[in-house]
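# Got a predicted model here, sequence first, then my questions.
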Amino acid sequence: MNPGVVCPRTLRMNFELVLFIILGALGMGSAIGVIAVRNPISAAMSLVIHFIALSGLYLTLNAMFIAAIQVLVYAGAIMVLVVFVIMLLNLGSEEKLRERFTSRQGIGIALSVLLGAGLVFIITRAAFRSPGADGLPPGGSVEAVGTALFRDYVYPFEMVSLILLAAVVGAVVLAKRHVE
């Protein structure tokens with residue numbers, strides 16, 4: 001093989017490695033943002049960014065189903081509940097929520113667009129690639145996840161649902177006590 005020619009597989013691996021490092025850094029930065037930010041709404045938005053970065057990491061590991069569920073369940077439904085509870089408890093003042101457009105927000109929007117474009121690129125490449133082209137078994141398929149979830153991990157799955165139920169009941173109790 002000619003040493004000046006780059007193998008397409010090597011080029012793909014390098015791109016995936018760079019994307020993995022970028023998404024990992026974004027995930028760590030947004031996790032620090034969840035802890036460091038004083039405004040609860042900003043902390044919740046940092047958590048959304050973290051969930052999306054985690055979904056991108058799942059995509060780089062060829063777990064498409066888990067990545068989609070990560071966005072739909074955690075970044076969508078769970079974060080709506082978290083923001084609803086924050087608003088119900090009235091943890092943030094309205095004057096702090098009314099901010100003018102700053103350069104930080106512009107950088108955040110630009111990075112979000114860049115991340116979204118990268119995710120769209122990866123999803124379209126994965127959609128047009130033949131199954132098993134990379135030699136990996138389809139571990140992120142719906143059938144594999146469903147089989148593992150309801151055969152091997154049924155008890156942890158039920159425990160997570162009970163924990164989520166307890167969290168919702170606790171939020172309602174706290175909100176009711178705050179209103180009275």
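Alright, I've got the coordinates.
# after the longest helix along the chain comes which helix or strand?
The residue-count maximum for a helix in the chain (DSSP state H) belongs to helix 8-36. For helix 8-36, the following helix or strand on the C-terminal side (DSSP states H and E) is helix 40-60.
# immediately after that following helix, which helix or strand?
Scanning forward in sequence from helix 40-60 by DSSP H and E, the next helix or strand is helix 64-69.
# middle-most residue in this protein, spatially?
Central residue of the chain (CA atoms, centre = their mean): F51, 2.1 Å from the mean position.
# distance of it from V73?
9 Å (CB to CB, to the nearest Å). Backbone N, C-alpha and C define where each C-beta goes, glycine included.
# Same check on S55?
Separation of S55 from V73 (CB to CB): 10 Å.
# These two: which is more packed in?
S55 (22 against 12; other CB atoms under 10 Å).
# list the contacts for the nearest residue to the more buried one once chain neighbours are set aside?
Of all residues not flanking S55 in the chain, Q70 sits nearest, at 4.1 Å (CB to CB, 6 or more residues apart in numbering). Residues in contact with Q70 (CB atoms under 8 Å, 6 or more residues apart in numbering) are F51, L54, S55, Y58.
# after the lowest-mean-pLDDT helix or strand in the chain, next one along is what?
Sorted by mean pLDDT, DSSP states H and E, the helices and strands of the chain end with helix 94-97, the least confident at a mean of 52. Per DSSP H and E, helix 94-97 leads on to helix 103-127 as the next helix or strand towards the C-terminus.
# Tell me which residues of that next one come out buried.
Using 16 or more other CB atoms under 10 Å as the test for burial, helix 103-127 gives L115, G118, L119, I122.
# Check the gap between L88 and L111 for me.
30 Å.
# scratch that, L61
Going from L61 to L111 by CB to CB gives 22 Å.
# low-scoring stretches of the chain, by residue?
Along the chain, the parts satisfying pLDDT under 70 run over 1-13, 90-101, 126-141, 177-180.
# Kindly report the domain assignment for it.
Listed domain ranges for the chain are 8-136, 141-180 (source: automatic domain parsing).
# thinking again about what came up before, distance to L19 for the buried residues of helix 103-127 - can I get that in CSV?
Putting these into CSV (distance: CB to CB, whole Å) gives the following:
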residue, distance to L19
L115, 10
G118, 6
L119, 9
I122, 7
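# Just give the closest residue to Y74, not the sequence neighbours.
Of all residues not flanking Y74 in the chain, F51 sits nearest, at 4.6 Å (CB to CB, 6+ apart).
# which residues touch that neighbour?
So F51 contacts Q70, V71, Y74, A75, M79 (CB under 8 Å, 6+ apart).
# export the residues you listed to CSV and tack on secondary structure and distance to F157?
Below are the contacts of F51 laid out as CSV (DSSP: H, G, I helix; E, B strand; the rest coil; distance: CB to CB, whole Å):
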residue, secondary structure, distance to F157
Q70, helix, 16
V71, helix, 19
Y74, helix, 15
A75, helix, 20
M79, helix, 21
